[in-house]
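Engineer: have a look; sequence and predicted model below, questions after that.
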Amino acid sequence: MIFLEVNAALLRKELRDLLPWGILGLALGVSHIVEQALTQLDLTPLGRTFYLLNDSHFIAYWFIAFAIGTGLAVREHDDRTLGFLDGLPVSRSRVFVVKCCVMSVLVLVGPLIELATDVTMHWLARGSLDHALHAGLLLQALALQALLLVNGLMLGAALGRLRSLTWLAVGLAATILLLLVERVPRAAVLNPLSLLYWQWSGAGIGVDAETVRTQAAVTVVAALVAWQGFVGAGKVRRQLNVKGPVTGAIVAVATTAALAAAVVLTVQRFVLQSTPAEPPGPSSYQFSPSPPARVETLHYRISYPAHEAEAALALAAEADAIFEQVHALLGVPPGDPIDVDASGSAPNTHGTAFLGRLRMTLESEVAAVLAHETAHVAAQRLAGAERAWLWQAADVLSEGLASWVETRFRVRAERTDERMLVLAAMHARRELVIEELAEPNLLRTVRDENVKYTAGEALIAALVRVYGEAAVPRLLQAFGDPRLPSDLRGLPLWQATFQLAGFDLAAVTDEFYRSVADYEAAHADRLAALPRPRVVLVRAGRAVGAMPVIDAPHGAEAPAPELVMRFRPAPDSTFAEYRQLSAVAGRPVWPGGRSGFAGRVCVQPGVRVGAEVLYEPWTCLPTSDAIDAADLEDAGGPDDESQDEQ
């Protein structure tokens, strides 16, 4: 009984001492509740809120845990309450365990509230398309969160013995770690924040096992150091501390400098990672820009480089006919003229549309590109300037509509057949998921972002087959309808808009899947012949490349498949940051630049199908698993110029 009373007294004491931190965690959790409550309560399923479970705000939780932990081993000694604890009939080790348990619960208050909020929101928003709770995923996420925060707590407890030098040590350690990762990418596993680098999938959370093992070991070692410091507190006369105004000022300046260096290195690293590598050869040289020129038609004002006058004037000759035909297809009355900047587009794109203006390249299929971007402008105008962003949030439908219009102007009629083959292959592999298509962020993270054109075109075609061509302007008008809630995203946005337009989304998606399945059955032999490349990382010195490997070799009489490798600096990089290179099975591709991210390389292999590419899902592989290029025959090297950028 006395033992229980002592433990209860210890718990009450720790709760009183740490109450401010508990209130802070509670406040952060409540702020998440308020943030979610300000959205449409019945339209926030788990598929939309999963990403919040490893969002960057958990970095703040780690620092809070670290700050709490700095007082775990030394506060009792500094507050002169250690003698009182020694007078209790319990050992210091037991007191340490109680303190660790109380602190661990407090740092998990915020994450537990957030998890409960997301589960509650999903329970309110669940429907036939997103009904499952995915308890396994949630438990995995909670376990990783707990490891991250307990890691911060124990590291704080271990380094807290340095007292006023603690944050100086943190800044120095962070700076040294960032510099070390530059030379030894595998050292990224020592960064505790790498526990936030998750990849979601239906089977579970993808996380680097070596990172988890390393951080678990670091947590245990830090806990042992903190325990030893707590047990031995007061037994050593000389305590490590810094006193005096001059010395304190020096320590403050050094701490600020160390933390600033860590921040600068972090920012510099992300900036360099997001800068595309300069391809070798003549394209790296700089030339004076061509003088601008301009031509006007009834519906367009086209600006172009003078050296491309022939292509621009040829486009201008047929531009008005394209404009009128596009507006007739969409059932939209002709509007104001469109400004066209024909000097180029964003990286990895042929054109980009804005309200009333567009940018494009004057390369092949210029008529199709102009029709595609004109369809974007017309659709945005019909959806309304004030609510056009909702139409843009339905990215697959937006790009699909423009691609559906574009088909009327394509020079290569077989392009549609190639796109259907890509969709059929994805359908056969169970990778054509309507929930992913409705979530632009999820789609670009997991799949080939270009599938939005292919799948979107097939969806609009299915809509037209079910409801006729008059359905297109009705759908656009529904996106501009003020009755449509403005905070919808993903599949709920699709469902609400289709319902407002008087359409059944389920009937359209059934027609979409039926057409893809019919094509799959009719071309089973072609689909079976498509190889499935996987990737092996290869290292040559400090450079890391990726080698495509085909498990099922093609027949001796069949031509070798044309492979493509695509890289991005980080899992959430934008499409403009992708770098695409041609590849050959069994031969490494060297992306150059700073393509690694936290000791990983994000790569996506693909097989060319005519003008289209059938990509595998994105994967971020640890550079620690890279094999030595010297062990490969004819591996080439990072300076090998035989790889062409697409």
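Structural biologist: On my side now, so go ahead.
Engineer: what packs against the helix or strand that contains residue 313?
Structural biologist: Secondary-structure element containing residue 313, defined by DSSP states H and E: helix 309-330. Contacts defined by 3 or more Cβ pairs under 8 Å, 6 or more residues apart in numbering; DSSP states H and E place helix 309-330 against strand 292-296, strand 300-305, helix 366-383, helix 395-406, helix 471-479. C-beta here means a position set from N, CA and C on the backbone, and glycine is covered the same way.
Engineer: so where is the stretch 51-200 of the chain shaky, pLDDT-wise?
Structural biologist: 51, 73-89, 126-131, 182-186, 199-200 (pLDDT under 70).
Engineer: quick one: the helices in it, in order.
Structural biologist: 58-69, 75-78, 82-86, 92-107, 109-125, 135-159, 166-183 (DSSP state H, counting those that start in this stretch).
Engineer: for residue 606, which of the ones you listed is the nearest?
Structural biologist: Each of those has some distance to residue 606 by Cβ to Cβ; the shortest is helix 135-159, at 27.8 Å.
Engineer: tell me how far residue 409 lies from residue 403.
Structural biologist: To residue 403, residue 409 is 11 Å away according to Cβ to Cβ, to the nearest Å.
Engineer: of these two, which one has the most company?
Structural biologist: residue 403 (26 against 19; other Cβ atoms under 10 Å).
Engineer: and that one, what's its pLDDT?
Structural biologist: On the pLDDT scale, residue 403 is placed at 89.
Engineer: one more: residue 321?
Structural biologist: 91.
Engineer: I'd say residue 627 and residue 536 touch.
Structural biologist: Yes. Counting by Cβ atoms under 8 Å, residue 536 is a contact partner of residue 627 at 6.6 Å.
Engineer: export the helices and strands packed on helix 309-330 to a markdown table and tack on distance to residue 455?
Structural biologist: Shown next, in a markdown table, are the helices and strands packed on helix 309-330 (distance: least, Cβ to Cβ, whole Å):
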| stretch | distance to residue 455 |
| --- | --- |
| strand 292-296 | 36 |
| strand 300-305 | 30 |
| helix 366-383 | 16 |
| helix 395-406 | 6 |
| helix 471-479 | 16 |
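Engineer: of these, which is nearest residue 123?
Structural biologist: Using Cβ to Cβ, the helices and strands packed on helix 309-330 put helix 395-406 closest to residue 123, at 27.2 Å.
Engineer: give the other helices and strands that that closest one contacts.
Structural biologist: So helix 395-406, by 3+ Cβ pairs under 8 Å, 6+ apart, packs with helix 309-330, helix 366-383, helix 388-393, helix 440-446, helix 451-467.
Engineer: can we see that at 6 Å?
Structural biologist: If you count contacts as 3 or more Cβ pairs under 6 Å, 6 or more residues apart in numbering; DSSP states H and E, helix 395-406 packs onto helix 366-383, helix 451-467.
Engineer: buried ones in the single longest strand found in the chain?
Structural biologist: For the chain, the strand with the greatest residue count under DSSP state E is strand 600-609. The neighbour-count check on strand 600-609 (16 or more other Cβ atoms under 10 Å) flags 600, 601, 602, 603, 604, 605, 606, 607, 609 as buried.
Engineer: could you measure the residue most central in space within the chain against residue 445, distance?
Structural biologist: Taking Cα atoms, centre = their mean, the centroid of the chain lies closest to residue 572, which sits 2.8 Å from it. From residue 572 across to residue 445, the span is 7 Å (Cβ to Cβ).
Engineer: tell me how many other residues surround the residue nearest to residue 449 when sequence neighbours are not counted.
Structural biologist: Nearest residue to residue 449, sequence neighbours excluded (Cβ to Cβ, 6 or more residues apart in numbering): residue 575, at 5.5 Å. For residue 575, the neighbour count with other Cβ under 10 Å is 13.
Engineer: in this structure residue 590 contacts residue 545, no?
Structural biologist: Yes. Between residue 590 and residue 545 there is a contact at 4.1 Å, judged by Cβ atoms under 6 Å.
Engineer: these two: which is more packed in?
Structural biologist: residue 545 (29 against 23).
Engineer: sorry, back to before: contacts for the longest strand of the chain?
Structural biologist: Here strand 600-609 makes contact (Cβ atoms under 6 Å, 6 or more residues apart in numbering) with 418, 421, 530-531, 533, 535, 544, 546, 548, 561-562, 564-568, 571, 595, 613-616, 618, 620-622.
Engineer: mark which of those are buried, thanks.
Structural biologist: 418, 421, 530-531, 533, 535, 544, 546, 548, 561, 564-568, 571, 595, 613-616, 618, 620-622.
Engineer: hang on, the earlier thing: out of the helices and strands packed on helix 309-330, which gets nearest to residue 25?
Structural biologist: Residue 25 sits nearest to helix 395-406 of all the helices and strands packed on helix 309-330, at 36.3 Å, using Cβ to Cβ.
Engineer: going on from the closest one, what's the next piece of helix or strand?
Structural biologist: helix 414-428.
Engineer: what residues does that following helix touch?
Structural biologist: 407, 432, 454, 458, 516, 519-520, 527, 530, 609-612, 614.
Engineer: what is the mean pLDDT for that helix?
Structural biologist: Helix 414-428 comes out at a mean pLDDT of 86.
Engineer: CA atoms only for stretch 94-111, dumped as CSV, please.
Structural biologist: C-alpha atoms of stretch 94-111 as CSV (Å, rounded to 0.1, in the frame of the first residue of the first chain):
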residue,chain,number,x,y,z
ARG,A,94,12.1,3.9,-10.3
VAL,A,95,11.7,7.6,-10.0
PHE,A,96,13.5,7.9,-13.4
VAL,A,97,11.1,5.4,-14.9
VAL,A,98,8.0,7.3,-13.5
LYS,A,99,9.3,10.6,-14.9
CYS,A,100,9.9,9.0,-18.3
CYS,A,101,6.4,7.5,-18.4
VAL,A,102,4.7,10.8,-17.4
MET,A,103,6.8,12.8,-19.9
SER,A,104,6.1,10.3,-22.7
VAL,A,105,2.4,10.5,-22.1
LEU,A,106,2.5,14.3,-22.1
VAL,A,107,4.4,14.6,-25.5
LEU,A,108,1.9,12.2,-27.0
VAL,A,109,-1.1,14.2,-26.0
GLY,A,110,-1.1,16.4,-29.1
PRO,A,111,-0.6,13.5,-31.6
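Engineer: so how far is it off the chain centroid?
Structural biologist: Relative to the centre of its chain, stretch 94-111 is centred 32 Å away, using Cα atoms, centre = their mean, to the nearest Å.
Engineer: start the count at 42, not 1, going forward
Structural biologist: Sure, I'll start counting at 42 from here, so that last one is stretch 135-152.
Engineer: could you give me the buried positions within that stretch?
Structural biologist: 136-137, 139-141, 143-145, 147-152.
Engineer: considering those residues, which is situated nearest to residue 264?
Structural biologist: residue 141 (7.3 Å).
Engineer: so where's the stretch 392-541 of the chain shaky on pLDDT?
Structural biologist: In the stretch 392-541 of the chain, residues with pLDDT under 70: 395-397, 425-429, 452-455.
Engineer: which residues in the stretch 542-687 of the chain form helices?
Structural biologist: Under DSSP H, counting those that start in this stretch, the stretch 542-687 of the chain gives helices at 546-563, 565-570.
Engineer: so what touches the first one?
Structural biologist: Pointing back at helix 546-563 there. 461, 464-465, 468-469, 475, 499-500, 503-504, 506-507, 535-536, 539.
Engineer: which of those are buried, as a PyMOL select command?
Structural biologist: Of the contacts of helix 546-563, the buried ones can be selected in PyMOL as follows, counting by 16+ other Cβ under 10 Å:
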select buried, resi 461+464+465+468+469+475+499+500+503+504+535+536+539
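Engineer: just the contacts of helix 546-563 now: which is nearest residue 196?
Structural biologist: residue 475 (43.6 Å).
Engineer: what sits against the closest one?
Structural biologist: Here residue 475 is in contact with residue 550 (criterion: Cβ under 6 Å, 6+ apart).
Engineer: measure it to residue 456 for me?
Structural biologist: From residue 475 to residue 456 the distance is 24 Å (Cβ to Cβ).
Engineer: what of residue 522?
Structural biologist: Distance from residue 522 to residue 456, by Cβ to Cβ: 34 Å.
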